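Undergrad: Return a 3D structure for these sequence lines:
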Amino acid sequence: MNYQNPIIKSDYSDPDVIRVNDSYYMIASSFNHTPCLPILKSENLVDWKIVNYIWDKLPFDTYDKVMHGCGVWAPSIREHNNKFYALVPFPDEGIFVTETDDIENGKWSEPRLLIKGPGIEDPCPIWVDDKCYLVVGFVKSRIGFNSMLAVYEVSSDLTKQLSDYKIVFDGHNIAPTVEGPKFHFRNGFFYILAPCGSVKTGWQIALRSKNIYGPYEMKIILMQNDSKINGPHQGALIDMPNDEWAFIHFSDQGPYGRVICLEPARWIDDWPVCGLVKDELLAGTAVENHPYLIDKKSDYKIQSSDDFKDNKLSLMWQCPANIKSNFFKFDNGIILNAINGDIKPLNLLPNSLLTKILYPSFEVETKAILNLEENDEAGLCYMGQSYSYITIKRINNKNHLLIKKGNFNDLDDEIIYDEIYDNNEIIFNLKYIEPNKYSLGFNNKYLPFSFIATPGRWIGGKYGIYAKGLNNGYAKFDYFKCNKI
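TA: Numbering: from 1, shown residues only. Sure thing, here's the model as predicted:
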């Protein structure tokens, strides 16, 4: 039985993975979206489901507004002394730590600051005897330089910074834009695995040294070569039972985002080499398909449809800012309150309810029952740096069916279609055709417009539902169906 890459054709950027007994848990970046820091679970490294989020909201009032591309970047997850730690970098605020005793069902602690200041990213800890060290990268736009990796000493309980950073690797000449480091230890060597080059066309390196502070020697361990899997970028080396290994990484695929790929891995002369090994002296090649690394069937899958009957927000949904109690409620469906009507462009609306692209091609159907007041609106959107949406807006006591489009750089959205809609119930439709085209419609008819899907800022495109206004109106959505086509 073979799997196909990507194993998750959805935006789970900067994955890190640990094994807990026979289960595997993955954490990923969530940027400005909440709930934040998704945790996914797998039994075979191919089939995954979302089981939790670490935080309900981002720990700064700044994120009560939409802050595209900010927020949580490239977290890591590790277990030590029966506790699970997530190290969470904010490029503008610093490195934070949260912990729990139960990775799947437990409540994570409130974030605590470990390293203060902008420009430090991609932290990953390693414990050596009774000491703990942290490897990090740097954000040039915040700190003025990048392409280097550094090590801090911190307390073993991850509560205190004990030293300033020390540069252990300068990649400017041989590994430009090196970032996303992950610490490992095996056979007397400290290893740092990291991507370099660029997000879309880069490669993976491994560094090794007998000393935590180096000097480190380098080997390229994974490249695209003749594969269709581009990148391959930031990821996680995973130990399986019986000293078998795997590597999970992301591959940037435009509007689909930074999708998840799985590589075989093995050790050759004390170097981890990932992908298809054609020559033991050279880097591996990213695989397009491969026999399952764990021979176990699983029915795990990521949710793409919602009947809103659980009276709580399902794990498929996020908002692009901190969720507030007045965004929505449940009553045999989800009721979106028409609020924040003073915000003009839809991309800055904090109460939009969005989900990730999951299939190469798909069709969306969602039914809304409208109770709109003057200038209230509600609809279905595709959201990327360029976006479009279909909406009903109440204007002069009439329902107008509109199609609007916008861009992250624009101050307001543009109406490109307008007709009177004499009803308070509507089915909104969206059809997405691989690789990047979509259409919008209503009551299972599509309007004669075709749009190009774009990614967001550091994320893939999303789609979802919204309501906005100033006059206490609302829209009740009965269901949200997404079918692969």
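Undergrad: which residues in the stretch 51-200 of the chain form helices?
TA: Per DSSP state H, counting those that start in this stretch, the stretch 51-200 of the chain carries helices over the ranges 140-143.
Undergrad: K160 - how many residues pack around it?
TA: As a burial measure, the neighbour count of K160 was computed by other C-beta atoms under 10 Å and equals 12. From N, CA and C alone the C-beta is placed, and that goes for glycine too.
Undergrad: Begin at 482 from now on, thanks
TA: All right, first residue 482 from here; so that's K641.
Undergrad: Contact partners for it?
TA: Contacts here follow C-beta atoms under 8 Å, 6 or more residues apart in numbering; on that basis K641 touches 595, 635.
Undergrad: Also R689?
TA: Contact criterion C-beta under 8 Å, 6+ apart gives 670-673, 697-698, 700, 751-752 as the residues in contact with R689.
Undergrad: Please name the nearest non-neighbouring residue to it.
TA: In this structure, R689 finds its nearest non-sequential neighbour in F670, 4.5 Å apart by C-beta to C-beta, 6 or more residues apart in numbering.
Undergrad: likewise I535?
TA: Counting by C-beta to C-beta, 6+ apart, I535 lies nearest to L518, which is 3.7 Å off, once chain neighbours are set aside.
Undergrad: any idea which helix or strand carries that neighbour?
TA: Per DSSP states H and E: L518 is located in strand 517-523.
Undergrad: now for that strand, which elements pack on it?
TA: With contacts defined as 3 or more C-beta pairs under 8 Å, 6 or more residues apart in numbering; DSSP states H and E, the packing partners of strand 517-523 are strand 504-508, strand 529-536.
Undergrad: picking up where we left off before, what is the neighbour count of the residue nearest to R689?
TA: Taking other C-beta under 10 Å as the criterion, the count of residues near F670 is 17.
Undergrad: before we move on, what about E602?
TA: 22.
Undergrad: now do I584
TA: By the criterion of other C-beta under 10 Å, I584 has 22 neighbours.
Undergrad: what's the answer for the one 4 residues further on, then?
TA: Residue crowding around K588 was assessed by other C-beta under 10 Å; the count is 10.
Undergrad: Hmm, T581 and it touching each other?
TA: Yes. When contacts are counted by C-beta atoms under 8 Å, K588 is listed as touching T581 (6.6 Å).
Undergrad: what about the residue nearest to Q715 when sequence neighbours are not counted, distance to P592?
TA: Nearest in space to Q715, with sequence neighbours left out and distances taken as C-beta to C-beta, 6+ apart, is G661 at 3.6 Å. Taking C-beta to C-beta, to the nearest Å as the measure, G661 and P592 are separated by 21 Å.
Undergrad: Which segments of the protein make up each domain?
TA: Domain assignment for the chain, taken from automatic domain parsing, gives 483-772, 809-965.
Undergrad: can I get these in CSV with distance to D788 and mean pLDDT?
TA: What follows is the domains of the chain, written out as CSV (distance: least, C-beta to C-beta, whole Å; pLDDT from 0 to 100):
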stretch, distance to D788, mean pLDDT
domain 483-772, 17, 97
domain 809-965, 5, 97
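Undergrad: And those domains: which comes nearest P801?
TA: Nearest to P801, of all the domains of the chain, is domain 483-772, at 4.7 Å by C-beta to C-beta.
Undergrad: hmm, back to that, to R559, which of the helices and strands packed on strand 517-523 lies closest?
TA: Proximity of the helices and strands packed on strand 517-523 to R559 was assessed by C-beta to C-beta; the nearest stretch is strand 504-508, lying at 10.1 Å.
Undergrad: got the angle for that closest one vs strand 529-536?
TA: Going by axes from the mean of the first three to the mean of the last three C-alpha atoms, to 10 degrees, strand 504-508 is angled at 50 degrees with respect to strand 529-536.
Undergrad: Go ahead and name everything in contact with strand 504-508.
TA: If you take C-beta under 8 Å, 6+ apart as the criterion, strand 504-508 is touched by 493, 496-500, 518-524, 526, 529, 532, 535, 556-558, 567, 584-585, 717, 719, 729, 741.
Undergrad: again with stretch 890-902
TA: Contact with stretch 890-902 is made by 825-827, 873, 879-887, 923, 928, 930, as judged by C-beta under 8 Å, 6+ apart.
Undergrad: rerun that using 10 Å as the cut-off
TA: Judged by C-beta atoms under 10 Å, 6 or more residues apart in numbering, the contacts made with stretch 890-902 from elsewhere in the structure are 825-829, 851, 866-874, 876, 879-888, 921, 923-924, 928-930, 932.
Undergrad: Next, the buried residues of that stretch.
TA: 894, 902 (16 or more other C-beta atoms under 10 Å).
Undergrad: now do the same end-to-end measure for it.
TA: In stretch 890-902, first residue to last residue: 30 Å (C-alpha to C-alpha, to the nearest Å).
Undergrad: again, but for stretch 614-623
TA: Start-to-end span of stretch 614-623 (C-alpha to C-alpha) is 23 Å.
Undergrad: one step back: export the domains of the chain as TSV, with columns for distance to Y781.
TA: Output for the domains of the chain, formatted as TSV (distance: least, C-beta to C-beta, whole Å):
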stretch	distance to Y781
domain 483-772	4
domain 809-965	13
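Undergrad: quick one: contacts for the residue nearest to Q715?
TA: Contacts here follow C-beta under 10 Å, 6+ apart; on that basis G661 touches 495, 497, 554-555, 557, 602-603, 605, 618, 630, 674-677, 683, 685, 714-717, 730-731.
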